[in-house]
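Sequence isn't available, so here's the structure alone:
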């Protein structure tokens, strides 16, 4: 699975959009981009995933660049409960579900 | 989403004793589950892949005799930390992926809530 690079930490004001970048320049054509988050002392939570097209669900939007070498997770209206570590993971969906976590981005949402 | 439950959520044990952690898939059958450990302020580290009805596959550097994994049914995997030492104190997390064909239509992994082990 391809390696990802994320900023170590980010701050965001409550109510504003949080944009979390991820670089995955070595991604291959059949690898998906997955985002998970981990709130302190809990198990990771699935957020969203995509292959080429931008994706949106009730939690977030995922914007993938045309060359697929980077992506951005957007939380449209961040709340204090969105404070967490956000992990960007690239993997084949054909694998068994094994996830290799990088260091992630610690997002601090401030009042 | 699918539900994965871990038990216990928190355990304290004495050095030299063994501790068993359970991971259950509550509303789906999981032929494969995964065990991770996480040290404070660090990322999750995959320890092993638990396969129903067969031996677990351990990641490099993980002692299989230290961390015994049993996946005896399609809904339960257990991790036993044997002869625990203080350095085994950590946050242990399991996950499971819903296999295709069980009507979920998605491919994300679901995680348990984690077990915090403290060895004193």
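Looks like it came in fine. In this text, all values refer to a predicted model and were calculated from it rather than measured experimentally.

host element of residue 37?
All of this is about chain A. Using DSSP states H and E, residue A:37 sits within strand A:31-38.

Can you look at chain B instead?
Counting by DSSP H and E, residue B:37 is found in strand B:32-38.

contacts for that strand?
Here strand B:32-38 makes contact (CB atoms under 8 Å, 6 or more residues apart in numbering or on different chains) with A:96-99, A:101, B:23, B:25, B:44-52, B:67, B:69, B:71, B:77, B:79, B:90-97, B:99, B:109, B:114. C-beta coordinates here come from the backbone N, C-alpha and C atoms, glycine included.

In space, what's closest to the residue in chain B that chain A sits nearest to - neighbours in sequence excluded?
Taking CB to the nearest CB, chain A has its nearest neighbour within chain B at residue B:97, 2.7 Å off. Of all residues not flanking residue B:97 in the chain, residue A:97 sits nearest, at 2.7 Å (CB to CB, 6 or more residues apart in numbering or on different chains).

where does that neighbour land on pLDDT?
Per-residue confidence (pLDDT) for residue A:97: 72.

doesn't residue B:94 make contact with it?
No. Residue A:97 sits out of contact with residue B:94 when judged by CB atoms under 8 Å, with a separation of 11.5 Å.

Show me which residues of chain A are close to chain B?
A:32, A:34, A:38, A:41-46, A:49, A:85, A:87, A:93, A:96-104 (CB under 8 Å from any CB of the partner chain).

what does stretch B:53-66 rub up against?
B:45-51, B:67, B:69, B:71-72, B:81-83, B:88.

The same query, at a cut-off of 6 Å, please.
B:46-50, B:69, B:82 (CB atoms under 6 Å, 6 or more residues apart in numbering or on different chains).

and the strand or helix carrying residue B:50, how far from the chain's centre?
Per DSSP H and E, residue B:50 falls inside strand B:44-51. Offset of strand B:44-51 from its chain centre (CA atoms, centre = their mean, to the nearest Å): 7 Å.

next one: stretch B:42-58
Remark: stretch B:42-58 is offset 7 Å from the chain centroid, using CA atoms, centre = their mean.

pLDDT averaged over it - what is it?
In the prediction, stretch B:42-58 has an average pLDDT of 92.

before we move on, what about stretch A:61-76?
Averaged across stretch A:61-76, the pLDDT comes to 97.

can you check stretch B:5-16 too?
Averaged across stretch B:5-16, pLDDT comes to 96.

so how far does that stretch reach from one end to the other?
Criterion CA to CA, to the nearest Å; first-to-last residue distance in stretch B:5-16 is 27 Å.
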